[in-house]
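>>> Quick check, what structure comes out for this input:
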Amino acid sequence: MNPEPPPNRLDRPVDEAYDHTLGPADAEITLVEYGSYADAPSRSAHERVAELRSRFGNRMRYVFRHRPLAGSKIARRAAELVESYDDPARFWNLHVALMSRSDKLNADDLRTIISDLKLDGNKGAEQEEAAARARDRVDADIGSADASGVTVTPTFFINDRRYDGPWDVRSLSEAMLGSLGHVMHSAALDFAKWAPSTGIMLLLATGLAVILSNSAFGPDFNEMWEQRLGVTFQHSTFELSLRHWINDGLLVIFFLVVGLEIKREFTVGHLADRRSAMLPIAAATGGMAAPALLYLILVPSGPPIAPGSEGADGTWSYGWGIPMATDTAFAVALIAMMGRRVPVELRVFLTAAAIVDDIGAIIVVAIFYSGELHIGYLGSAAAIAGLLALLNKGSVYRASPYVILGIALWACVYASGIHATLAGIILALFIPTRPPPNLRALMLQADAILTAETRRGREVMHYGPSEPALEALDAIHDRLESPADRMLRHLAPRSSFLVLPVFAFANAGMVVETSVFSEHVPLILGTATALVIGKPLGFITATVTAVQLGFATKPDAYSWRQLGGAGALAGIGFTMSLFIAGQAFSEVSDYAAAKIAIFGGSILSAVIGVAILWNAQAEEEKIHERE
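As a prediction, this is how the structure comes out:
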């Protein structure tokens, strides 16, 4: 599970009567800085702020809030010193003096500044009162910084939104002026960081596909996905329909991301520790087994082979894997939307269980939903996997060799009869990881390189850093994270906001006809029931059993009722359920009925899960009130 992103909005608005401000209150641009007097970046930023104030004039209001360097006594003393005086003029005189005094602030600097500015200290009780007031003010600013997601100094907020770009005047000016590129980038980042965004994208893609399928454009829309695309080399041709390119090709990126997430969870994540991993493993195992069994019990083997005949064609029995899957995006999005009503630990648990769920779904697809095996291509895929293992063993950290071999692996896996998307999982296993770097050593190296570059004077101003310097900085940047982490960081948002919505758009469309309902009632009801009842039933039964037998422990952070709510949310089987349904049913009407069951069961599971979790918090509050 990814760590929670820090807030990117100012926690409290600027108060003219409380905050230290320069510029008119009605200025169109407000720049808030959280800074420290004892670090070089804040002093360098002070010069940039002066340039910005000169450039923007009355269009800009500047606000300074304290965020002393953690563990620095001199930084704290300096912040409390400036807050010891009520006069705004004295504050800003002290502020400028501290920011421009020396490269490294020390106690002698503070004494010299007090002497130079002829600052008369308060006496007796007044001095104690001023000191207490200063401590409270600095503490309040530190709390505000933490609540606003500040992790480094300086950190700027432009019109209440955190600015994460470069600190040079040009970049800051573009952000303050709201250039089109900056506005679009900021809006995209805000949406991507919003927890429910992935689920909303899937809902929009699904809704649009259903609407188009049932509109006048329906036949053309469905025909579009059957258009064949491919490549021809001499007398050989490789073609797939557009839908198959998405399901067998584009979806490999999703499976690669899943594989990387599984790898991370079992190495450094919540599944790395055996004791903490047992509860989500038990929940996921029960959450896969119970729905599959319930489906086989409730759903007959299939419709009659011919009208009036007693036998069945057996096709419906292939759909037992449909209710096994959980759509993490929707489940986690709903938990995030409920905010503090749901403990963070429950979100961690559900995400870990979903990872195990994905492993189960992958195994099921590989064993039960693959075609006829071709040993020759299977051997070629194994040979390519061996080359990937050699690259990993040889500490090859460049991504390009893995990508090239990954494409060849996909082609061989597709031709072997195993579902091609499993190439993404195999590739993820061999993307290398690295131990964390020595950040201090890298920082000193980068500082030495940039310091040397600045000595080149006018040349560096005209042409930028030299090529050797850029190559060295690239190497430092590459060392900051492992290839697996970098690939996951870059591919995960593309999987969430491009691959999965495109998959939903291509596969969720269906023509809603009464014949689908009338002829497939057992299939629809059985699949939906397996999702709505089978998932939470298996979830709870398996976790209770694991805890009772001593294999796992349930954290005190969430109750059994809340865990049941998470089990209900696990019944939201969207992406993987649609994927497995597409593999299980070749008949269009069967596939359409399965889609209806998946949509209906997922919606009902979401409603039940949210209701349980919402009311569980209310019940806990009542219990605490009685105590």
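
>>> neighbours of Met60, just the number please.
As a burial measure, Met60 scores 21 neighbours (other Cβ atoms under 10 Å). The way it works is simple: take the backbone N, C-alpha and C, and place the C-beta from them, glycine included.

>>> Please name the nearest non-neighbouring residue to it.
Excluding its sequence neighbours, the residue lying closest to Met60 (Cβ to Cβ, 6 or more residues apart in numbering) is Ile29, at 4.7 Å.

>>> just checking, Leu94 touches Arg101?
No. Between Leu94 and Arg101 there is no contact under Cβ atoms under 8 Å: 10.3 Å.

>>> joint contacts of these two?
Ile113 (Cβ atoms under 8 Å, 6 or more residues apart in numbering).

>>> Compare neighbour counts for the two and give me the winner.
Leu94 (23 against 19).

>>> gap between the more buried one and Glu47?
17 Å (Cβ to Cβ, to the nearest Å).

>>> What ranges does the stretch 151-300 of the chain have for its helices?
169-177, 180-193, 197-213, 218-224, 242-244, 251-267, 274-298 (DSSP state H, counting those that start in this stretch).

>>> Let me have the ones you listed in a markdown table, extended by mean neighbour count.
As requested, the helices of the stretch 151-300 of the chain are arranged in a markdown table below (neighbours: other Cβ atoms under 10 Å):
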| stretch | mean neighbour count |
| --- | --- |
| helix 169-177 | 17 |
| helix 180-193 | 13 |
| helix 197-213 | 18 |
| helix 218-224 | 13 |
| helix 242-244 | 16 |
| helix 251-267 | 21 |
| helix 274-298 | 21 |
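
>>> Domain-wise, how is the chain divided?
20-190, 197-370+419-434+482-626, 439-479 (automatic domain parsing).

>>> pLDDT averaged over the shortest one - what is it?
pLDDT averaged over domain 439-479 equals 83, rounded to a whole number.

>>> Check the longest one too.
For domain 197-370+419-434+482-626, the mean pLDDT works out to 84.

>>> can you give me how far that domain is from the chain middle?
Remark: domain 197-370+419-434+482-626 is offset 18 Å from the chain centroid, using Cα atoms, centre = their mean, to the nearest Å.

>>> cool, the first one as well?
Centroid displacement of domain 20-190 relative to its chain, using Cα atoms, centre = their mean, is 31 Å.

>>> ditto for stretch 472-483
For stretch 472-483 - counting by Cα atoms, centre = their mean - the centre lies 22 Å from the chain centre.

>>> Okay, buried residues for it please.
Across stretch 472-483, burial judged by 16 or more other Cβ atoms under 10 Å covers Ala472, Leu473, Ile476, Asp478, Arg479, Glu481, Ser482, Pro483.

>>> now do stretch 22-39
Buried residues in stretch 22-39 (16+ other Cβ under 10 Å): 22-23, 27, 29-39.

>>> Identify the farthest-apart pair in the residues you listed.
Ala27 and Ala38 (29.1 Å; Cβ to Cβ).

>>> that older thread, turn the buried residues of stretch 22-39 into a markdown table, columns for distance to Ile375, pLDDT and secondary structure.
Shown next, in a markdown table, are those (distance: Cβ to Cβ, whole Å; pLDDT from 0 to 100; DSSP: H, G, I helix; E, B strand; the rest coil):
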| residue | distance to Ile375 | pLDDT | secondary structure |
| --- | --- | --- | --- |
| Leu22 | 76 | 92 | strand |
| Gly23 | 75 | 91 | coil |
| Ala27 | 73 | 90 | coil |
| Ile29 | 68 | 90 | strand |
| Thr30 | 68 | 93 | strand |
| Leu31 | 66 | 93 | strand |
| Val32 | 66 | 94 | strand |
| Glu33 | 66 | 94 | strand |
| Tyr34 | 63 | 94 | strand |
| Gly35 | 66 | 92 | strand |
| Ser36 | 66 | 92 | coil |
| Tyr37 | 71 | 90 | coil |
| Ala38 | 68 | 86 | coil |
| Asp39 | 64 | 85 | coil |
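
>>> circling back to that earlier point, out of the domains of the chain, nearest to Ile407?
domain 197-370+419-434+482-626 (8.8 Å).

>>> what ranges do the helices span in the stretch 451-600 of the chain?
Secondary structure of the stretch 451-600 of the chain (DSSP H, counting those that start in this stretch): helices at 458-463, 467-479, 483-494, 500-507, 514-519, 521-529, 535-548, 560-569, 575-584, 588-626.

>>> With respect to Asn438, which of the ones you listed lies nearest?
Using Cβ to Cβ, these put helix 467-479 closest to Asn438, at 9.1 Å.

>>> Report the spatially nearest residue to Ala381, omitting neighbours in sequence.
Going by Cβ to Cβ, 6+ apart, Ala381 has Cys412 as its nearest residue, at 4.0 Å.

>>> packing partners for the helix or strand where that neighbour lies?
Using DSSP states H and E, Cys412 sits within helix 399-416. Applying 3 or more Cβ pairs under 8 Å, 6 or more residues apart in numbering; DSSP states H and E, we find helix 399-416 packed against helix 375-393, helix 422-430, helix 483-494.

>>> as a whole number, average confidence for that helix?
Rounded mean pLDDT across helix 399-416 is 92.

>>> between that helix and helix 375-393, how many degrees?
160 degrees (axes from the mean of the first three to the mean of the last three Cα atoms, to 10 degrees).

>>> Other residues contacting helix 399-416?
Here helix 399-416 has contacts from 248-249, 252, 256, 373-374, 377-378, 380-381, 384-385, 387-388, 391, 396, 419-420, 422-424, 426-427, 430-431, 483, 486-487, using Cβ under 8 Å, 6+ apart.

>>> Which ChimeraX command selects the buried ones in those residues?
ChimeraX command restricting the contacts of helix 399-416 to the buried ones, with burial defined by 16+ other Cβ under 10 Å:
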select :248,252,256,377,378,380,381,384,385,388,391,419,420,422,423,424,426,427,430,431,483,486,487
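
>>> you'd agree Trp167 is up against Thr153?
No. Contact criterion Cβ under 8 Å: Trp167 and Thr153 do not qualify, at 11.1 Å.

>>> Mutual contacts of those two, please.
Pro41.

>>> Mind checking which of these two has more residues around it?
Thr153 (22 against 15).

>>> Quick one: closest of the helices of the stretch 151-300 of the chain to Ala492.
The nearest among the helices of the stretch 151-300 of the chain, by Cβ to Cβ, is helix 251-267 at 5.3 Å.

>>> How about the contacts made by the residue nearest to Met60?
Ile29 neighbours (Cβ under 8 Å, 6+ apart): Phe56, Arg59, Met60, Arg61, Ile158, Asn159, Met176.

>>> related to what we said a few turns ago, what angle do helix 467-479 and the helix holding Cys412 make with each other?
Helix 399-416 runs at 50 degrees relative to helix 467-479, counting by the same axes, to 10 degrees.

>>> who are the neighbours in contact with the closest residue to Leu250 other than its chain neighbours?
Nearest non-adjacent residue to Leu250, counting by Cβ to Cβ, 6+ apart: Val499, 5.6 Å away. The contact partners of Val499, by Cβ under 8 Å, 6+ apart, come to Leu250, Leu251, Ile253, Phe254.
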